[in-house]
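Asks: Next come a sequence and a model predicted from it.
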Amino acid sequence: MSETIKLAKKVFDAIRSNRKVLAGASILAVLLLLATLGAAIYKARFARDPTIPGTFYPSLYPSPEHPLGTDHYGRDILAMALVGLGNSLAVGMIGGFFATLIAVVIGFAAGYKGGLLDHALRSFTDTLLVIPTWPIFATLAAYVTIRSMPVFGLLVAAFSWPGAARAIRSQVLSLKNREFVQLAIITNLKTYEIIFFELLPNLLPYIVVSFSYATMGSIMAETALRFLGLGPPDVPTLGYLINIYIPMGYLSLMPFTMAFILILLAAIFVAFNLINIGLDEYFNPRLKKITGM
Amino acid sequence: MITSYLAITFTFFFMRLIPGNPIQSYVQALLAQGQYTMAEQAKQIVDTYLEMFGLKGDLLTQYVSFMKRLLLHFDFGPSLIAFPRRAQELILERLPWTLGLLGTSVVISWLLGTILGALAGWKAGSKLDRALVAFALAFSQIPFYVLAVFLVLLFGYILGWLPTGGAYNPLLKPGLSLEFIASVVKHAILPSLSLVLSTAFSWLLSMRSLVVTILGEDYIAFAEAKGLRKITIFQKYVVRNALLPQLTNLGISLGFIVSGSVVVETLFRYPGVGMLFSAALTGLDYNLVMAFIVLTTLAVLTASFILDLIYPFVDPRVSYGE
């Protein structure tokens, strides 16, 4: 538990001392507020749930009543955008969580066990990094019907784990040869004890960074899938909204509505990118010398 | 070689293990049309189709016949959405569009990013450098497809300057007329711009960090001490060394062109292989999807192979043999 508190303090320190993390985290905080509190307050304006099809007249232009207009299903677009924002972030974080989990398991197995297992896992990960897996997983998304958000998150995670697995493996390898781990091995600690009490706490910063990267990777993969018209329509995300609104001609009919949705989506990427770079710099100070700012 | 074999095999089994048999539904649709009501005839038809699409027998037989067809005839079998044309025919027909659009974009973005990155690194800490880096850090990770919709919105609809989709004006006859070429270029601007804008920033950042690292090396200090002119140091010592890793990455990016084309082409309704793939996905076209995936894998592996071959010429320190 104390380890968690220490890590939280470290992350908090990183946020405070690094301008990039601070900027990214602020944007992300605003987006999260919009997606939760903002959505709830905005929805409460209406007598009925504004995201249910057929609630309003379809395809209304923006007005004080509907600041972004209504879509062709008769839903309030601002309400849809806020809900979509929340779903985009949620799918991304679920994807990021699964991807990190896969990466940690594979990275630890390969790095700690070594030998043949390491060799096999490493070639598998490297192959996935080298060949373009994107079309393969897009195919999977096209053939399999997905209805729930967690399953979709798991699919999206498939795109974003290999890089993290490689980073964690190399960290495990370098930690394994440090004195305190060697001492733990000599004192006959059980393998799971070494992994959970000696290695994992030291790797937590890397895992946090991996999670942040994987979350962004998942949101990217999710949006790209949506642009091809894939993914569950029951989970409307920002990418999904853009994909269904473009064929309706909303780019020319309601350009500012579309611009708003696009800015929300772009803000997600800017926020995560700033956080990723900042955390990288904080945990690997040598990098800072290279970027120099 | 081994990697490509493994990748193809992996893809094959992966595709076959995905549930849903498109041929069955295709044939059922045929039967439902009422043309073939006799049970005997229907069975024959299903058989013929299964044979034609290489779906006969158990998984292993299918695999062997698939590999045989692929290796001996470079044939992926008929496509479903454009039956009875062969999958590889369709792809080859679309390939020039993709290579033209994405190849040009990747090279332009590489040149732009590398030049700006070299300047930023050389003048590290200056106002220009700080502005470029701040901008690049914020925007380098916005995916090109998000940027693309922005650009379409701005230039296509709000300003109305450029066409929003397609590869050329459909009223013109394809040919070598000036009008047609102008139309092609005009249609390529928006998709290309979105790719260039979104990737040039990462080229800038990588080139800049390479240059900054090299500037800290002892041989640069020595060159300065020798009294070499600044421009000579910049060209011959700094840029020359930083170009090598940049070139490697350019090669890798060129290999990923085909797989990267899917979203941008679908978005702009550009008639390249990417849009074909997206149509094949919606139409559940086994053979076409298969052919596309094999092509993307081969493209990446070929690019890295060619890189290995030309590396000794670019970098005198690398040599094979001896």
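Replies: Received it, and whenever you're ready, just let me know what you need.

Asks: Could I get the pLDDT score of B:P170?
Replies: Looking at B:P170, its pLDDT reads 68.

Asks: Now do the phi/psi pair for B:R86.
Replies: Dihedral pair for B:R86: phi -80, psi 150, per degrees, to the nearest 10.

Asks: who's it bridged to?
Replies: B:P78 (DSSP bridges).

Asks: Next, the contact list for it, please.
Replies: If you count contacts by Cβ atoms under 8 Å, 6 or more residues apart in numbering or on different chains, B:R86 has them with B:75-79. C-beta: built from backbone N, CA, C; applies to glycine.

Asks: Model confidence score at B:S4, please.
Replies: 71.

Asks: Please verify my assumption that it contacts B:T296.
Replies: No. With contact defined as Cβ atoms under 8 Å, B:S4 does not reach B:T296; the gap is 11.0 Å.

Asks: These two: which is more packed in?
Replies: Between B:S4 and B:T296, B:T296 has the larger neighbour count (other Cβ atoms under 10 Å in any protein chain shown), namely 29 against 16.

Asks: Spell out the secondary structure type for that one.
Replies: On the three-state scheme (DSSP: H, G, I helix; E, B strand; the rest coil), B:T296 is labelled helix.

Asks: which one of the contacts of B:R86 is nearest B:T232?
Replies: B:F76 (54.0 Å; Cβ to Cβ).

Asks: burial measure for the closest one, as a count.
Replies: 25.

Asks: can you list the weak-confidence ranges in the chain?
Replies: Unless you meant another one, I'm taking chain A. Filtered on pLDDT under 70, chain A yields the residue ranges A:1-3, A:11, A:14-15, A:284-293.

Asks: Actually, chain B is the one I wanted.
Replies: B:1-3, B:17-43, B:45-46, B:50, B:52-57, B:82-83, B:167, B:170-176, B:318-322.

Asks: just the strands in it please.
Replies: In chain B, no strands are defined using DSSP state E.

Asks: Mark out where each domain of it begins and ends.
Replies: B:2-73, B:94-314 (automatic domain parsing).

Asks: want to try CSV for the ones you listed, with distance to chain A as columns?
Replies: Shown next, in CSV, are the domains of chain B (distance: least, Cβ to the nearest Cβ, whole Å):
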stretch, distance to chain A
domain B:2-73, 4
domain B:94-314, 3
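
Asks: Could you export these to TSV, including columns for distance to A:Y73?
Replies: Converted to TSV, the domains of chain B look like this (distance: least, Cβ to Cβ, whole Å):
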stretch	distance to A:Y73
domain B:2-73	28
domain B:94-314	20
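
Asks: who wins for proximity to A:A214 among the ones you listed?
Replies: domain B:94-314 (13.4 Å).

Asks: picking up where we left off before, so of the domains of chain B, which one's packed in deepest?
Replies: Most buried of those, by mean neighbour count (mean count of other Cβ atoms under 10 Å in any protein chain shown): domain B:94-314, with a mean of 19.

Asks: The residue nearest the centre of chain B: what's it in contact with?
Replies: In chain B, the residue lying closest to the centroid (Cα atoms, centre = their mean) is B:I257, at 1.7 Å. Shown in contact with B:I257 (Cβ under 8 Å, 6+ apart): B:98-99, B:102-103, B:106, B:299.

Asks: Which residue does the stretch 151-293 of chain A have closest to chain B?
Replies: A:N273 (3.8 Å; Cβ to the nearest Cβ).

Asks: err, the stretch 51-200 of chain A, not the other one
Replies: For the stretch 51-200 of chain A, Cβ to the nearest Cβ, closest residue to chain B: A:P132, 3.5 Å.

Asks: May I ask which helix or strand encompasses that residue?
Replies: Counting by DSSP states H and E, no helix or strand carries A:P132.

Asks: Am I right that A:I194 is in contact with A:I185?
Replies: Yes. The pair A:I194 / A:I185 is scored as a contact, 6.7 Å apart, by Cβ under 8 Å.

Asks: And those two? Which one has more around it.
Replies: Ranked by neighbour count (other Cβ under 10 Å), A:I194 and A:I185 place A:I194 first, with 18 against 13.

Asks: any idea whether the more buried one is helix, strand or coil?
Replies: helix.

Asks: ok so, going back, and the furthest pair within the contacts of B:I257?
Replies: Farthest-apart pair in those is B:V106 and B:A299; separation 12.5 Å (Cβ to Cβ).

Asks: can you list contacts of stretch B:306-321?
Replies: Under Cβ under 8 Å, 6+ apart, the answer for stretch B:306-321 is B:244, B:247-248, B:251-252.
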